[in-house]
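**Student:** Sequence plus predicted model, see below.
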Amino acid sequence: MSKPPQAEIVPTHTPTLFAEAVKRAAELLRAGEVVALPTETVYGLAANALDPVAVAKIFQIKGRPSHNPIIVHVADLALAKRCAAAWPALADQLARAFWPGPLTLVLPRAADIPAIVTADGSTVGVRWPGHPFIQAVIRECGFPLAAPSANRSNRLSPTNAEHVRQQLGDRLRLIVDGGQAQVGIESTVLDLATSPPRVLRPGMIHEASLAAVIGPLGHSQLSIGNRQLEMGNSKGALRSPGQLLKHYAPQARLLVLNWRDEGDLKSQISNLRFDPTRTQVIAHRQIPSGEGFVGVSVLPHDAAAFARSLYAELHRCDAAGVAVIVVEALPDAPEWRGIGDRLRRAATE
């Protein structure tokens, strides 16, 4: 039985290659196809956001549940305003402060945005990404792009083209290689359709930064501890992506632990009945020797650098066949909360 054809990966590292890749991607998107594109957060699986048939292909390729909405990506304020039925003054303030960048604004949905994009909800998430390639493609197409992360549903988001190929290479025609993602985790999602605004998904633009621009925020609507999840409407549609209890997960079992020293770490792993010889440790402050483990990875004790490295390291662990990944607990500080959110969801059984 022959293998399905693999997606073509096209480079962008020279001006000529960049222009050729923009043209190729735009041609496929105009034809209703789905293309994997780089953004500064993670790689996205893009389709014409105004074409419900094309957007349906995203759900099929990812195996994405229909109640999980998709963020719409734009390349200027005029296009962003076309995606929303209302554009409050707060949106202008936030756009001036953070766009292009890793912030998604949830707003009342414009009539042109198909219901499939918003999981039949009344709001839509809109973002102006900071990566020059996806900006160029959107400008070439002239329409917004629906683009969730380019991975199978609930699995690790990709931060380079090879990650996309490993998960979806047999389901796509084109993957554009725009280099390593520079943010490394998905965007912050802020709901402006409620008053006061609420963070629906934390990210590297944290609540203190948002509050400095627009004033106090409401309480975040998700509580992992008691497994409560507020739905976006009576049909059970989520108001934002990134709210599933288990999400962003490697194939390996992931645990987040706090340890005093190497002996304490090994004692905790033993008590949990995991085999240390099949366990990879990811540390940033209390760094064990590595003796008796598959290995020890050291990520920077800096939130932005840690986020940039995290998914790539988890992908590497999966490729190596690690059974258990133990990540050192993070500091309780605003700049770390988006990363902590991803780790909590990845660790949910």
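**Tutor:** The structure has been received and is ready for your questions.
**Student:** By mean pLDDT, point me to the weakest helix or strand of this protein.
**Tutor:** Taking mean pLDDT, DSSP states H and E as the measure, the chain has strand 228-229 as its least confident helix or strand, at a mean of 42.
**Student:** Other residues contacting stretch 188-195?
**Tutor:** 71, 88, 90-91, 94, 102-108, 122-123, 125, 197-206, 210, 217-218, 221, 239-242, 338 (Cβ atoms under 8 Å, 6 or more residues apart in numbering). Where C-beta positions appear, they are placed from N, C-alpha and C, glycine not excepted.
**Student:** Please, where are all the helices along the stretch 101-250 of the chain?
**Tutor:** Here the stretch 101-250 of the chain has its helices, by DSSP state H, counting those that start in this stretch, at 132-141, 161-168, 207-214.
**Student:** Any chance of those in TSV with mean neighbour count as columns?
**Tutor:** Shown next, in TSV, are the helices of the stretch 101-250 of the chain (neighbours: other Cβ atoms under 10 Å):
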stretch	mean neighbour count
helix 132-141	20
helix 161-168	22
helix 207-214	15
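**Student:** Tell me which of these lies nearest to Ala320.
**Tutor:** helix 161-168 (12.9 Å; Cβ to Cβ).
**Student:** tell me how far that closest one is from the chain's mean position?
**Tutor:** Helix 161-168 sits 15 Å away from the centroid of its parent chain (Cα atoms, centre = their mean, to the nearest Å).
**Student:** what does it rub up against?
**Tutor:** Outside helix 161-168, the residues touching it (Cβ under 8 Å, 6+ apart) are 6-7, 9, 36, 38, 43, 45, 61-62, 150-152, 155-156, 158, 172, 175-178, 311-312, 315, 319.
**Student:** Separate out the buried members of these.
**Tutor:** With burial judged by 16 or more other Cβ atoms under 10 Å, the buried subset of the contacts of helix 161-168 is 7, 9, 36, 38, 43, 45, 61-62, 150-151, 155-156, 158, 172, 175-178, 311-312, 315.
**Student:** So which of the residues you listed are in strands?
**Tutor:** If you go by DSSP state E, the buried ones among the contacts of helix 161-168 have Ile9, Ala36, Leu45, Ile175, Val176 in strands.
**Student:** thinking again about what came up before, how about the helices of the stretch 101-250 of the chain, which one is nearest Ala249?
**Tutor:** With Cβ to Cβ as the measure, helix 161-168 is the member of these nearest Ala249 (12.5 Å).
**Student:** Just the CA trace of that closest one, in PDB.
**Tutor:** Written as PDB, here are the backbone C-alpha positions of helix 161-168 (Å, rounded to 0.1, in the frame of the first residue of the first chain):
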ATOM      1  CA  ALA A 161       8.100  23.600   9.800                       C
ATOM      2  CA  GLU A 162       9.400  20.200  10.700                       C
ATOM      3  CA  HIS A 163       7.000  19.900  13.700                       C
ATOM      4  CA  VAL A 164       4.100  20.500  11.200                       C
ATOM      5  CA  ARG A 165       5.500  17.900   8.800                       C
ATOM      6  CA  GLN A 166       5.700  15.300  11.500                       C
ATOM      7  CA  GLN A 167       2.100  15.700  12.500                       C
ATOM      8  CA  LEU A 168       0.300  16.800   9.300                       C
END
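**Student:** mean confidence score for it?
**Tutor:** Per-residue pLDDT values over helix 161-168 give a mean of 96.
**Student:** Would you mind splitting the protein into its domains for me?
**Tutor:** Here the domain parsing of the chain from automatic domain parsing is 8-229, 253-347.
**Student:** gap between the two ends of the shortest one?
**Tutor:** What it means is domain 253-347. End-to-end distance for domain 253-347: 7 Å, by Cα to Cα, to the nearest Å.
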